[in-house]
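Novice: Got a predicted structure plus its sequence, pasted below:
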Amino acid sequence: MKALQIGNLSAPVPIVQGGMGVGISLSGLAAAVAEQGGIGVISSAGLGAIYNKFSKDYRAASIYGLREELRKARAKTKGIIGVNVMVAMSNFADMVRTAVAEKADIIFSGAGLPLNLPSFLTEGARTKLAPIVSSARAAKLLCRKWFTEYNYIPDAIVVEGPKAGGHLGYKTEQIADEHFALEQIVPEVAAEVGAFADEHRCHIPVIAAGGIYTGEDIYRIMQLGAEGVQMGTRFVTTEECDADDAFKQSYIDARQEDIEIIQSPVGMPGRAIRNSFLDRVKEGFKRPKNCPFDCIRTCDVTHSPYCIMLALYNAFKGRLQNGYAFCGANAWRAEKIQSVRELMTSLRTEYDDFVRKITIR
């Protein structure tokens, strides 16, 4: 594997650990990945619920929580630490400003196009910006918007395919359509981004995400134009993952037929592991009485079958009877809990073994 170069940041292992909320990837997981040469990512989603003992004000607790998680990660590693901030979050601006102020190495931002992300950078800020897109068209629009409005060029671009976990940037009918498969869109995004980079005499690495599971997968997608990969599902079943053990066990227990597409209260399709909570939702047994968080701009409590923040927070805490686990399409392949070191070593070994295999041919 070649190192992933993002500006002056160099990750010896070209693997970005996906930001997973609520609470699934905090400082524990992010620091462990960074320490092994990858890019560790703290999810900013739901920190106000996790740190509610600091303040009952969701936004104030979120700011405090992100500061704490970044500082805890920094105390554990000198590696690259990033933050994932979803555009759809009501406290998007707070989380971006906090990440920049705390000198996070990089901000990854999706769940909508982060068209104004560069506007939050302060003079002398070192934080890199990496938008997450689902098409070449979106990549082109964003690159041109950032350059025209802010004279800023993305430091990297993540292209996320429909096999990813959690909320998906696709219509339900596009998820199984081969025209939207990661293998189809990576070359398209790489070509679009490459043309823009050539025009401005710079380099913008493309990072592929969604359904990448093995070292062979990493090799194959990088042959299509990606310079790195983002992986979430694989890191859930690690010792350092910040989720409760029951959350991790739900991945190991899951069968392929348990992985399903749901309609999230935030108005986007999502991929999750079917359980009794989701079955009760389908039967109409769940109804929120109010909105205690106002966490997602697109969530309408009057039409939501449940509070997604509470459901994901309960899952993070292992209370899966009152929540559910988001996951990628390959979550059912998980077999054991292992350390991040063991996982990263096995991915590198699989990659090298596959390269040797095809070289011998």
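Specialist: Received it, and whenever you're ready, just let me know what you need.

Novice: what about the strands in this structure?
Specialist: Secondary structure of the chain (DSSP state E): strands located at 4-6, 9-11, 15-17, 39-43, 80-84, 106-109, 128-133, 157-160, 166-167, 206-209, 228-231, 259-263, 269-273.

Novice: Just the endpoints, please. Distance across stretch 37-56?
Specialist: End-to-end distance for stretch 37-56: 37 Å, by CA to CA, to the nearest Å.

Novice: so where's this structure uncertain?
Specialist: 285-305, 361 (pLDDT under 70).

Novice: For the longest helix that it contains, which outside residues touch it?
Specialist: Using DSSP state H, we find that the single longest helix of the chain is helix 340-360. Identification of contacts with helix 340-360 by CB atoms under 8 Å, 6 or more residues apart in numbering yields 1, 13, 15, 29, 32-33, 35-38, 214-216, 218-219, 234-235, 238-240, 338. (Glycine included, C-beta is placed from N, CA and C.)

Novice: Kindly report the same for stretch 212-226.
Specialist: Residues outside stretch 212-226 that contact it (CB under 8 Å, 6+ apart): 1, 14-15, 159, 182-183, 186-187, 189-191, 194, 206-208, 211, 228-231, 233-234, 328, 330, 333, 346-355.

Novice: And it, what's buried?
Specialist: 212-219, 221-222, 224-226 (16 or more other CB atoms under 10 Å).

Novice: Could I get the full set of helices for the stretch 1-150 of the chain?
Specialist: Listed in chain order, the helices of the stretch 1-150 of the chain (DSSP state H, counting those that start in this stretch) span 27-35, 47-50, 58-76, 92-101, 136-150.

Novice: Likewise for the stretch 201-350 of the chain?
Specialist: 215-222, 233-236, 245-253, 276-282, 308-316, 340-360.

Novice: closest one to residue 173 among those helices?
Specialist: helix 276-282 (19.7 Å; CB to CB).

Novice: Would you mind writing the CA trace of that closest one as CSV?
Specialist: The C-alpha trace of helix 276-282 is given here as CSV (Å, rounded to 0.1, in the frame of the first residue of the first chain):
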residue,chain,number,x,y,z
SER,A,276,-37.2,-6.0,17.3
PHE,A,277,-37.1,-2.2,17.6
LEU,A,278,-37.3,-1.7,13.8
ASP,A,279,-40.0,-4.4,13.6
ARG,A,280,-42.1,-2.4,16.2
VAL,A,281,-41.6,0.7,14.1
LYS,A,282,-42.9,-1.0,11.0
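
Novice: what about the nearest residue to residue 162 once chain neighbours are set aside, distance to residue 181?
Specialist: If the residues on either side of it in the chain are set aside, residue 162 comes closest to residue 175, at 4.3 Å by CB to CB, 6 or more residues apart in numbering. Look at residue 175 and residue 181: by CB to CB, to the nearest Å, they are 10 Å apart.

Novice: For these two, list the residues in contact with both.
Specialist: Going by CB under 8 Å, 6+ apart, residues that sit against residue 175 and also against residue 181 are residue 162.

Novice: still on that earlier bit, let me know the closest of the buried residues of stretch 212-226 to residue 136.
Specialist: Using CB to CB, the buried residues of stretch 212-226 come closest to residue 136 at residue 225, 11.0 Å.

Novice: Tell me how far the closest one lies from residue 241.
Specialist: From residue 225 across to residue 241, the span is 30 Å (CB to CB).

Novice: what's the closest of the strands of the chain to residue 318?
Specialist: Nearest of those to residue 318, taken as CB to CB: strand 269-273 at 13.7 Å.

Novice: Now do that closest one and helix 245-253, the angle between them.
Specialist: 90 degrees (axes from the mean of the first three to the mean of the last three CA atoms, to 10 degrees).

Novice: Can you dump the C-alpha atoms of strand 269-273 in PDB for me?
Specialist: Output of strand 269-273 as PDB, limited to C-alpha atoms (Å, rounded to 0.1, in the frame of the first residue of the first chain):
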ATOM      1  CA  PRO A 269     -32.700   6.000   3.300                       C
ATOM      2  CA  GLY A 270     -30.300   4.200   5.600                       C
ATOM      3  CA  ARG A 271     -28.800   0.800   6.100                       C
ATOM      4  CA  ALA A 272     -29.200  -1.000   9.400                       C
ATOM      5  CA  ILE A 273     -29.400  -4.400  11.100                       C
END
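
Novice: Name the surrounding residues that touch that strand.
Specialist: So strand 269-273 is contacted by 163-168, 170-172, 175, 250-251, 254, 258-264, 278, 324-329, 331 (CB under 8 Å, 6+ apart).

Novice: Likewise for stretch 129-143?
Specialist: 6, 82, 106-111, 113-115, 117-118, 121, 152-162, 169-170, 180, 185, 188-189, 191-193, 196, 204, 207, 209.

Novice: May I see the buried residues of it?
Specialist: Residues of stretch 129-143 classed as buried by neighbour count (16+ other CB under 10 Å): 129-136, 138-140, 142-143.

Novice: One more: stretch 69-85?
Specialist: With burial defined by 16+ other CB under 10 Å, the residues of stretch 69-85 counted as buried are 69-70, 73-74, 76-77, 79-85.

Novice: What is the nearest of those to residue 317?
Specialist: residue 69 (16.6 Å).

Novice: so who does the closest one touch?
Specialist: Residue 69 touches 26, 27, 30, 42, 47, counting by CB under 8 Å, 6+ apart.

Novice: That one and residue 57, how far apart?
Specialist: 18 Å.
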